[in-house]
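Enquirer: Next come a sequence and a model predicted from it.
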Amino acid sequence: MKTKSIWGNPPTRLYKLLNLAKQEWRKDFTACIVGCSDGKFLMPFARDHIKVTGYDIDEIALYGGIKEFPIVKEKIKHSYSPNFKSKDFELETKKVLGITERLEIENLNQYATIEKRDFYRTLPTDKFNVVFTSCSLHYSANQDFTLEDKTKRLQDIVLPNGYLYIDYMMAIDENDYVNYPTSKFYRKNEIKNYFNDDWEIISFRENKFPTFEGAHVDCVRDHFHRFGYILARKVK
Ligand SMILES: C[S@@+](CC[C@H](N)C(=O)[O-])C[C@H]1O[C@@H](n2cnc3c(N)ncnc32)[C@H](O)[C@@H]1O
């Protein structure tokens, strides 16, 4: 039986990365998802029978439990304004599957290693051919580390010739250091400074404008994000 992530389906860029790695190593490579949550980005690797490791700090996302969801009766897409204020949504609780339960149901345990680990604080000794993280760096749990530190910690677990993919949050107002502290939100082109000559940047995109995101589990108010994406290869 196929299970679902509370975060929806992975975007095509995840499958592009998976196919890039498969072209190179067929299925003989290892992947790591830092901040794997309930498996949105991890399950495609396990379903393809690729050895994948996932780290997260959220026990419910890992092992299952109850989470609060906003009750959204009418989906309204708002335009960005610096003074935007979300309405308060009523909340309902739902039982959610953790990644370990999803792997069990889909009979994929043999392909995945799941660990509760505060990644940026306690770096694992294992290294991987593909390292992927989506929107984990800005979490308050990681605010003691600079973005440079966090980027380098992700780089540290990539094997030679391996790939590192990061989806990250950018400051919507680059001069606002209160709402967008430098330890959480990248400024334009900042991330490139943290990739030295050991790395080849394969693709890089930073959105100019914020995108709207409706209230969802773990962020129960309507809000905006400005995203950046980088894919790099460790060439030395
Ligand atoms: C935004 S969620 C990812 C959700 C989903 N994958 C997506 O992007 O739609 C980021 C995940 O990173 C995890 N995370 C944040 N800091 C972490 C840390 N220091 N170590 C491990 N996981 C972390 C959070 O618990 C959360 O599950």
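Expert: Structure received. Residues are numbered from 1 along each chain as shown.
Enquirer: count of residues packed around the residue in the chain that the ligand sits nearest to?
Expert: With CB to the nearest ligand atom as the measure, residue 35 is the residue of the chain nearest to the ligand, at 2.4 Å. Just so you know, the C-beta spots here come from the backbone N, C-alpha and C atoms, and that holds for glycine as well. Counted with other CB atoms under 10 Å, residues neighbouring residue 35 total 22.
Enquirer: contacting residues for the spatially closest residue to it that is not a sequence neighbour?
Expert: Of all residues not flanking residue 35 in the chain, residue 136 sits nearest, at 3.1 Å (CB to CB, 6 or more residues apart in numbering). Neighbouring residues of residue 136 by CB atoms under 8 Å, 6 or more residues apart in numbering: 34-35, 119, 142.
Enquirer: Just the ones of those residues in helices?
Expert: Of the contacts of residue 136, none are assigned to helices by DSSP state H.
Enquirer: Hmm, residue 42 and the residue of the chain closest to the ligand touching each other?
Expert: No. With contact defined as CB atoms under 8 Å, residue 35 and residue 42 do not form a contacting pair (10.1 Å).
Enquirer: Narrow the contacts of residue 136 to those in strands?
Expert: residue 34 (DSSP state E).
Enquirer: Return the entry from the contacts of residue 136 with the maximum number of neighbours.
Expert: Compared across the contacts of residue 136, residue 34 has the highest neighbour count, 26 neighbours, by other CB under 10 Å.
Enquirer: Distance of the nearest residue to it once chain neighbours are set aside relative to residue 88?
Expert: Once flanking residues are discounted, residue 34 sits nearest to residue 133: 4.1 Å by CB to CB, 6+ apart. According to CB to CB, to the nearest Å, residue 133 and residue 88 sit 31 Å apart.
Enquirer: Equivalent analysis for residue 41, please.
Expert: Taking CB to CB, one finds residue 41 at 30 Å from residue 88.
Enquirer: what helix or strand is residue 15 on?
Expert: Here residue 15, judged by DSSP states H and E, is contained in helix 12-25.
Enquirer: mind listing what the residue nearest the centre of the chain touches?
Expert: When the chain is reduced to its mean C-alpha position, the closest residue under CA atoms, centre = their mean turns out to be residue 134, at 1.7 Å. Neighbour list for residue 134: 35, 40-41, 167 [criterion: CB under 8 Å, 6+ apart].
Enquirer: please redo it, this time with the cut-off set to 10 Å
Expert: Residues counted as contacts of residue 134 (CB atoms under 10 Å, 6 or more residues apart in numbering) are 7, 10-11, 13-14, 33-37, 40-41, 165-168, 227, 229.
Enquirer: Name the residues linked to it by a beta bridge.
Expert: residue 167 (DSSP bridges).
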